[in-house]
Structures are given as structure tokens and as C-alpha cells.
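> just coords:
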């Protein structure tokens, strides 16, 4: 059966990137690799709109999140953790693993945090050293306003803002320097259109200053060592060479499409997916939906887990369900990365067919028609 | 120019593996990925000859080495570190980063450690909790007898043996359970014939027991979380999917060639490379040469760095030079992974041509002839 991957990571990898990665291996201590790394560094600076050198690391996105804690905090430090989904929870679990005292701002899953709550938490809790935030909470398909949080945190010399931007970078404009984001985590398997296995961290001057007082033990994820090496066009340890070569290619693709074009495409696909849900009479989970993935509530009597399974086994379409207390309650259709209009049509059509199969009365084609209408309205001629 | 990669990691990736990795991306929470992971797990158990479940992680080999410290020790613990090259030194640096008191056994670069020295160090130093050893020290092309060290450490209930087997696995038979190796680190870009980016750790029951008293903070490299997930056929975090798919393919290739065939091939290539050095009147660095890479001393007046550069720029052959105090003094020709007789002929011929270019009087063809003779002697009919 022909397979269609519509999960929010891994996401489909363009043939061009797959073929670039299938080229013969490069030695990582060679001029050819350094040249590749330099191009990647310039590309990431351009994408993140930062003057700092973004550091790449071999690992899952969680490796970057770990580094964003273990390189910047001291044992017993206090941190504000915004927790509105699985990835917000992950910040909390990482902080706790390193003995950081967490002040949690709990946000209902599907809602966006109010930056005022961050300001209040900073007022009420003395000695906070960092705020851990999620730009796009993939588990709830919800966007958080890290620009507004940046305005709050920027006021404090002794507090840094660490942002999981893994599913935000390449989806939205995230001008890292202008928004005052101090530690920004990125991952390869989202809008960067690569397989998983590479991650990265961009650190502001304020972030590097905070790093000086860090006393947490670390070696593989030590950003100081990576910084020293990557300034010289090398990595501290043998990197995932083929993924770096792939990243060079995918950054070239993004340049060709232009940033504006890439962001616009994500917005159109997201809008169409939301419109399709509406066309089928289904509600969105999120009141602040993100452009990387759409979370759709399943109507009473329809088990989201069965929908995901049926779409996979009968139609070869892989989407994700809900996690934890959302298990069975939502499905999530991704549009982050290498997606185009007809991938959304495929997913929506598959969802319609599956809901019909499962006996839920929808009007076949209603979702697809709503998506088409959005595409027509938003098409640039 | 056609390029030939003869470094000891990354090593060349077979076309078959490159193509397997270029297939469309799999979702890591899917039956298809679990099936792939299960095959990889069985393959690694077979390769390492262990009944334990080897854990894979997304990262450089150093990530596995970090995990081998940060999951098994307590702050202030004492460890014996065998230091006879760059990778032995790395064990020491990792231990020190985690506040472990190191008892160093310093071994002259190019020499192999005497297991008796380990026994003596254990006698002399009370409270040692671990011995960190390197099976194949790539920087000096030297083999260490971890079987003998295993016999020493096995006597002690409270001491574990942690082995960097990154360039040993797939080169030699390393029966992990029988030799009593408690924590064994592996990496993808050596005899496993993959790009860098995956690593792994196999842990004995004694190792897991030692892990219980560990108090070092860790999250991304937490082996307990990986163990829980991988027992269920998943990984704790999004894995480098394409590398796992590639590993399935390369393990299949190793099965087809048979373990005996793979080990024999490495031995023949290593012997031929050593014979070629002798044929050119050049000495080996190591008195205990390894089968994964051969370190050849450059004669007085010949700068090894210039040899490496000339081979690269004029002939497209990438080999490695020496590091630290061996810089300029040796060259290293690799034969770990996807190499065959004529790769060695290429490297030796390139070395001969380069030495002639640089004005060092060798007899052209003498190295190649010696390699050919070894191949003829060791060919299985």
C-alpha cells in the first residue's frame, strides 16, 4: 500500500534531501565538511534571524532541551515552567532531573499561556533564573506567544527565556534576537524537512552569561565545548554527517522558496485543515491553533484511537492521536515541513472515509470542499 | 576527482545501506518502526553475544560513553581509567566532568595495557567502583585486552567494567556476557557501516545493579528511561529513524557475510596493511596493532601532516594523521567497516605515490606487493 506520513515529526523528507544524504560519506575533519557546516551555520543564522552562532548537536530534540537546562542552571535554582501539554511537561521533568525547583504555570491543554501570568509568577517568586516555554505545543496543536513572554523576561537581567521552538522554526518567523529569546531549541525532523537525529541550540549573550554560573555536570551536551569547536567549523564530537549534509540541502530549498513563501504555505495548509474540520462539523482542540499541526476533537461516540488505526491500516495514512487524557479524544493532522495542498486533501479525504467507515454521519467531501475553498481564497496569483 | 574515504569513522557506507536510508520516513510510534527496532535489537544481541537488551541512542559514540559514566556512578566515586590515547583520555575527561575521582593507568601511546596493572590498581585503591577501558584505541591503532581485564574485574562484586568498544564491535568477536563486560559502548560509523549519529550501550545485570546507586543528574542520556521504552519496542525520544533503518540493513549484510567472515576480512586487511608498511620499510606505531586501523610511523624528515594533505588534495584519498604529540609523526589507514582488498591497495598505492612526491625514497610497488602477498597467503579457497 502506498504510505502517506502526516505526523508532526518525523515528517516527510523531500527526495532532494534524501538523495543528498545518500551521497558518499564525508570525513568530519575535512575542508569539505567544514564548508558544509559553515553553509549550515549561515543558513540557521538567517532562518533564526540571529547574530549568534547556532550550535548543532547530534541527538533528538530532547537533547537540545536537556542542554538548555544542564548548561544554564545551578543545582537548587528556581525556574518557571509553562506547562500546557506533553512538551511543557518535558521541560518540567528535565528541570526536576537536574534538581531545579520548578514554579509551574499550568495551562489548560489547548489553551495558550497569558504572558501576564509569567510576569506575575516572576513578581511572586524571587530568585527565578529561567523561564522554560514552548513556542508550538505539538501535543495540543497550540501556539504560545513567546514574543510577549520575551517582552516580560527581557526586563530581568538575571532571568533567561528558554524556548522549545522545535515545531515553530520554519513554520513562523521567530526573530530570535529581536524577541529576546535566550536559548532556542530546534530539531531536524520538523520544518527543516530532515530525518530526526540533529538538533540545535541558539544562545544569546545573556544566555552565555547565565551559563557561566552553571554548575551542573555534563559532557556530551556541553555547549561550551560545542561553541569552541563550531566557531572553528568543526563539531566537538563526530556529528551525524549525513544529516548535516541533508540540512544544507533543506536550507537551500527554504532559501529558494523564500521565508515568506514557506511561512505562507504553512499558514494556508493550517487554515485549510481547520476549515476542513469545520466543514465536517468537528471542533478544534485548541483556542490558539498552531500552523504546524491541527488537533481535531472527535465527536462523542467516535474513538480517536480507532480513527488513527483505521486510517493507517485501511488507507496507509499515518496521523497521530491524542496523548494522556486526550487519548482517543483528538486526532492530529500535521502540516509542518514538506507538505503541500494535496497532502492536506489526502488527509482530510482519508479522515472522511474513515469516519464514514466507523459509522459517524458526515457529509463525504464536505471537509475537502472547505479545504479547497481556503486554498482558492488564499492562493497568490 | 573520485574520492576514497579511509578514515576510522566515518567509514564508507555501502550503497545498499544508503538506499535503505533513502526510503520514505517512518513514524517512530508505528508498528513498522517497532518491527524494525526489534530486528535491530535481535541483531545487536547476536553481534554482541549478549542476553541483555542493547539500548540504542541518537548521538555520537561519545553520548554512549557519557551515559556509561552518568548512569552508573555517584558524585565523588572513584574509577580506574586506562589512558593510552585520545579515547582513554576522553573517559577521564567524562569522569572528571561528573566529579568522579580518577585513578589513571597511563599507558604509553601505542602500547597495550597489562591487565595486571588493573589488578594492582584495584588492590592499591580502595573504593573503586568502575574501570573504564578502551577495546580498540583508534588514536594509536592499538588493541587492549578487555577479556583479560574482564577476568580481573569480574572478581569484584562492587566494581563494573565499562568498555568503549566503538571500533571493536564488528571487527573482533567481543562476547560481552562471557567476558563479563558490564557496560559496552558502540557507535554506528565504524564496522556497523552507517553514517555517524547512532550509538548504543549494552548493560549487564551487574551494571544495572550498579546503576541503582547512581545519583548523577541526567535526562536525555538516562538509560533507565531508554530501557523501559526499548523493552516495549520504542525509544524514549524521537530516534534517528533513518539510521535505525540503515542499521537493520547493515546487520543483515553482516549476517549474510557471517560473523566469522567479517572478522576474517578485517584481519586480512589489517595484516596486509601492516605488511605493506613493512614492505616500504616503515614501522608501525603500535606494538599491539588493532584490526580496525593501522598507524604507520613516518620516517625522519617526512611530515605526516603533509602526507595526509597531499594524499587528499592530489589523489582524493582521505586518511587520518596523528593527534597531539603524534601529530605529523604517524598516518592512520583505516580498514574498519565496508572495506575490501582493493581499498587497501588503493590506500597503499596512494601512500607510495605521495611519499615519492615528497622526495622520500621508497621502492614504488613494494608496499602493494607486500599487501598482495598477504592476501594470497590468507585467501580462503
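Structure received. Please read these numbers as outputs of a predicted model, since none were measured by experiment.

> which residue packs closest to the closest residue to chain B within the stretch 201-350 of chain A, ignoring adjacent ones?
Residue nearest to chain B within the stretch 201-350 of chain A: residue A:240 (3.1 Å; CB to the nearest CB). Where C-beta positions appear, they are placed from N, C-alpha and C, glycine not excepted. Nearest residue to residue A:240, sequence neighbours excluded (CB to CB, 6 or more residues apart in numbering or on different chains): residue B:197, at 3.1 Å.

> could you measure from that neighbour over to residue A:196?
10 Å (CB to CB, to the nearest Å).

> any residues in contact with both of the two?
B:58, B:240 (CB atoms under 8 Å, 6 or more residues apart in numbering or on different chains).

> hang on, residue A:105 in a strand?
Yes: counting by DSSP: H, G, I helix; E, B strand; the rest coil, one finds residue A:105 located in a strand.

> so it sits against residue A:80, correct?
Yes: if you go by CB atoms under 8 Å, residue A:105 and residue A:80 touch, sitting 6.3 Å apart.

> neighbour count: those two, which is higher?
Legend: neighbour count by other CB atoms under 10 Å in any protein chain shown for residue A:105 and residue A:80, higher for residue A:80 (26 against 20).

> so the more buried one versus chain B, what's the distance?
Going from residue A:80 to chain B by CB to the nearest CB, to the nearest Å gives 18 Å.

> kindly confirm my reading that that residue is in a strand.
Yes: applying three-state DSSP, one finds residue A:80 inside a strand.

> tell me where chain A has helices.
Using DSSP state H, the helices found in chain A span residues A:15-21, A:31-48, A:61-70, A:86-97, A:115-124, A:146-154, A:176-179, A:205-211, A:223-231, A:241-257, A:259-279, A:304-315, A:341-357, A:366-378.

> how about those in a markdown table, adding mean neighbour count and mean pLDDT?
As requested, the helices of chain A are exported to a markdown table (neighbours: other CB atoms under 10 Å in any protein chain shown; pLDDT from 0 to 100):
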| stretch | mean neighbour count | mean pLDDT |
| --- | --- | --- |
| helix A:15-21 | 19 | 97 |
| helix A:31-48 | 18 | 98 |
| helix A:61-70 | 28 | 98 |
| helix A:86-97 | 21 | 98 |
| helix A:115-124 | 15 | 98 |
| helix A:146-154 | 21 | 98 |
| helix A:176-179 | 18 | 98 |
| helix A:205-211 | 19 | 98 |
| helix A:223-231 | 18 | 98 |
| helix A:241-257 | 21 | 98 |
| helix A:259-279 | 21 | 98 |
| helix A:304-315 | 18 | 97 |
| helix A:341-357 | 20 | 98 |
| helix A:366-378 | 18 | 97 |
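
> would you list the ones you listed in a markdown table and tack on distance to residue B:311?
Supplementary listing: the helices of chain A in a markdown table, determined by distance: least, CB to CB, whole Å:
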| stretch | distance to residue B:311 |
| --- | --- |
| helix A:15-21 | 26 |
| helix A:31-48 | 14 |
| helix A:61-70 | 35 |
| helix A:86-97 | 45 |
| helix A:115-124 | 57 |
| helix A:146-154 | 50 |
| helix A:176-179 | 42 |
| helix A:205-211 | 39 |
| helix A:223-231 | 24 |
| helix A:241-257 | 20 |
| helix A:259-279 | 42 |
| helix A:304-315 | 51 |
| helix A:341-357 | 47 |
| helix A:366-378 | 56 |
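
> sorry, back to before: count the residues that sit near the residue nearest to residue A:240.
32.

> next, it: phi, psi?
Torsion angles at residue B:197 (phi, psi; degrees, to the nearest 10) stand at phi 140, psi -10.

> hmm, it is touching residue B:58, no?
Yes: in terms of CB under 8 Å, residue B:197 counts as a neighbour of residue B:58; the distance is 6.6 Å.

> now the common contact residues for those two.
A:58, A:197, B:240, B:243.

> name all residues that make contact with the second one.
For residue A:197, the contact set (CB under 8 Å, 6+ apart) comprises A:58-60, A:188-189, A:240, A:243, B:58, B:197-198, B:239-243.

> one step back: overlap of the contact sets of residue A:105 and residue A:80?
A:118, A:121.

> chain B contacts on the stretch 101-250 of chain A?
A:187, A:189, A:195-198, A:216-222, A:236-243 (CB under 8 Å from any CB of the partner chain).

> okay, and which of those residues map to strands?
A:187, A:198 (DSSP state E).

> stretch A:202-221: end-to-end distance?
14 Å (CA to CA, to the nearest Å).

> go on, stretch A:150-161?
Stretch A:150-161 end-to-end distance (CA to CA) = 7 Å.

> chain center to it: distance?
On the basis of CA atoms, centre = their mean, to the nearest Å, stretch A:150-161 is displaced by 22 Å from the centre of the chain it belongs to.

> ditto for stretch A:194-205
With CA atoms, centre = their mean, you get 11 Å for stretch A:194-205.

> how about that stretch: buried residues?
A:194, A:195, A:196, A:197, A:198, A:199, A:200, A:201, A:202, A:203, A:204 (16 or more other CB atoms under 10 Å in any protein chain shown).

> export the residues you listed as JSON lines, with columns for pLDDT.
Compiled in JSON lines, the buried residues of stretch A:194-205 are given as follows (pLDDT from 0 to 100):
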{"residue": "A:194", "pLDDT": "98"}
{"residue": "A:195", "pLDDT": "98"}
{"residue": "A:196", "pLDDT": "98"}
{"residue": "A:197", "pLDDT": "98"}
{"residue": "A:198", "pLDDT": "98"}
{"residue": "A:199", "pLDDT": "98"}
{"residue": "A:200", "pLDDT": "98"}
{"residue": "A:201", "pLDDT": "98"}
{"residue": "A:202", "pLDDT": "98"}
{"residue": "A:203", "pLDDT": "98"}
{"residue": "A:204", "pLDDT": "98"}
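
> separation between residue A:208 and residue A:71?
9 Å.

> same deal with residue A:176?
17 Å.

> could you identify the most distant pair in the buried residues of stretch A:194-205?
The largest separation in the buried residues of stretch A:194-205, counting by CB to CB, is between A:195 and A:204 at 28.8 Å.

> OK, contacts around the nearest residue to residue A:69 once chain neighbours are set aside?
Closest residue to residue A:69 apart from its sequence neighbours, by CB to CB, 6+ apart: residue A:94 at 4.8 Å. By CB under 8 Å, 6+ apart, the residues touching residue A:94 are A:62, A:65, A:66, A:69, B:219.

> adding distance to residue B:313, write the residues you listed out as TSV.
Output for the contacts of residue A:94, formatted as TSV (distance: CB to CB, whole Å):
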residue	distance to residue B:313
A:62	41
A:65	41
A:66	40
A:69	44
B:219	44
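
> nearest to residue A:157, of the contacts of residue A:197?
Checking the contacts of residue A:197 one by one against residue A:157 (CB to CB), the nearest turns out to be residue A:59, at 30.7 Å.

> tell me how many other residues crowd the closest one.
Counted with other CB under 10 Å, residue A:59 comes out at 32.

> and the residue nearest the centre of chain A?
The centroid of chain A falls nearest to residue A:167 when counting by CA atoms, centre = their mean (1.4 Å).
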